[in-house]
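the following block contains a protein sequence and its predicted model.
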Amino acid sequence: MVKRTGILITLFTLFSLSILLFTSPVMAASPTKQRIYDDAELLTEQETEQLEVLAEEYSVKRETDFIILTTNDTEGKYVVKYMQDFYDEKGPGYDKKHGNTAILTVDMQHREIYLAGFYKAEKLLNDDRLDLIRDKITPAMKNEDYFTAFQTFILTADEYMGIRFGLSPDNLLFQLWFQAAVSIGLGVLIVGGMAYNSGGRVTINNKTYEDSSTSRVVNRRDQYIRTTTTKRRKPQSNSGGGSSGGGGGRTSGGHSHSGSRGSF
């Protein structure tokens, strides 16, 4: 009897351990390589670790390295050149050196940011899409909420890379409110047309009750005298602008990339 009880206890223990094994949360694997280069120390250690895990997850998903690069000293270079030299020297890429990469560079010295996409990311994250991403993260950058800005960069870049190339992520045809507005507009036009056609046709005009024999208007003449033309200088548009935009380029190592530059 004692032996049977011991066997039952052992079986119950093994069963309980197996339940805990399959129901306990799975700990996230450590990132395989560094993707967060926070040289400006904008993040806490915990935030850096969280972003490393996030970058690892979406880098594998899109087969594109998502890199965060921050600095307090660009070594006399402007932000685009600084990013380009980093790419040439470090050579990030999902499956090979100098491969698919999306980089957010933060220049705290001049308070500028530059987003770039290489190879696969250059096509799926073109200049226009990077402009949209930059617009989304700039408010958080201005509020010094750097963790949110970097997180938004990774998540939004992943989202846009999932949209077929050639379609704008904010295309109105894909917005529910636009479709609803079109439907309402068509309804108004149809109902308005029906109401207009349902009324009688007006056949009375200014000649209906006019007696031309008793009209006081005998003759009318328009005489052209002259035309005066005044010339005014057309205002010139301000093409100088700030540091926004920027577009893509090519590194010294010959790697082409898309880009979007702006201040915060």
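Alright, I've got the coordinates. Residues are numbered from 1 along each chain as shown.

so for stretch 47-59, mean pLDDT?
Per-region confidence: stretch 47-59 scores 98 on mean pLDDT.

give me the residues contacting that stretch.
For stretch 47-59, the external contacting residues (Cβ atoms under 8 Å, 6 or more residues apart in numbering) are 28-29, 31-32, 34-36, 38, 43, 65-68, 94, 147, 150-151, 154-155, 157-158. Every residue, glycine included, has its C-beta placed from N, CA and C.

check which residues of it are buried.
The neighbour-count check on stretch 47-59 (16 or more other Cβ atoms under 10 Å) flags 47-48, 50-52, 54-59 as buried.

just to revisit the earlier point, list buried residues within the contacts of stretch 47-59.
By neighbour count, with 16+ other Cβ under 10 Å, these hold 31, 35-36, 38, 43, 65-68, 94, 147, 150-151, 154, 157-158 as buried.

so who does His255 touch?
Per Cβ under 8 Å, 6+ apart, neighbours of His255: 84, 87-88, 98, 118-119.

could you dump these to TSV with pLDDT, distance to Asp127 and neighbour count?
Listed next are the contacts of His255 as TSV, based on pLDDT from 0 to 100; distance: Cβ to Cβ, whole Å; neighbours: other Cβ atoms under 10 Å:
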residue	pLDDT	distance to Asp127	neighbour count
Gln84	98	16	23
Tyr87	98	17	24
Asp88	97	21	14
His98	96	21	17
Phe118	98	13	25
Tyr119	97	15	19
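
kindly reformat those residues as JSON lines containing secondary structure.
Below are those laid out as JSON lines (DSSP: H, G, I helix; E, B strand; the rest coil):
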{"residue": "Gln84", "secondary structure": "helix"}
{"residue": "Tyr87", "secondary structure": "helix"}
{"residue": "Asp88", "secondary structure": "helix"}
{"residue": "His98", "secondary structure": "coil"}
{"residue": "Phe118", "secondary structure": "strand"}
{"residue": "Tyr119", "secondary structure": "coil"}
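
ok, those residues vs Ile163, which is closest?
Using Cβ to Cβ, Tyr119 comes nearest to Ile163 of those, at 17.9 Å.

just the helices from this structure, written as ranges.
2-23, 45-62, 79-90, 120-124, 127-142, 146-161, 176-198 (DSSP state H).

worst mean pLDDT among those helices?
helix 2-23 has the lowest average pLDDT among the helices of the chain, namely a mean of 47.

what sits against the residue nearest to Gly117 when sequence neighbours are not counted?
The shortest distance from Gly117 to any residue other than its chain neighbours is 3.8 Å, reached at Leu125 (Cβ to Cβ, 6 or more residues apart in numbering). Leu125 is in contact with 102, 115, 117, 133, 157, 160-161, 258, counting by Cβ under 8 Å, 6+ apart.

any idea which of the residues you listed is closest to Gly76?
Comparing those against Gly76 with Cβ to Cβ places Leu115 closest, at 21.9 Å.

does the closest one touch Ile154 like I think?
No - contact criterion Cβ atoms under 8 Å: Leu115 and Ile154 do not qualify, at 11.5 Å.

quick one on the thing from earlier: in JSON lines: the contacts of Leu125, plus distance to Lys142.
Listed next are these as JSON lines, based on distance: Cβ to Cβ, whole Å:
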{"residue": "Ala102", "distance to Lys142": "22"}
{"residue": "Leu115", "distance to Lys142": "16"}
{"residue": "Gly117", "distance to Lys142": "23"}
{"residue": "Ile133", "distance to Lys142": "15"}
{"residue": "Ala157", "distance to Lys142": "20"}
{"residue": "Tyr160", "distance to Lys142": "22"}
{"residue": "Met161", "distance to Lys142": "26"}
{"residue": "Ser258", "distance to Lys142": "24"}
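
of those - the most surrounded one?
Greatest neighbour count in the contacts of Leu125, by other Cβ atoms under 10 Å, goes to Ala102: 33 neighbours.
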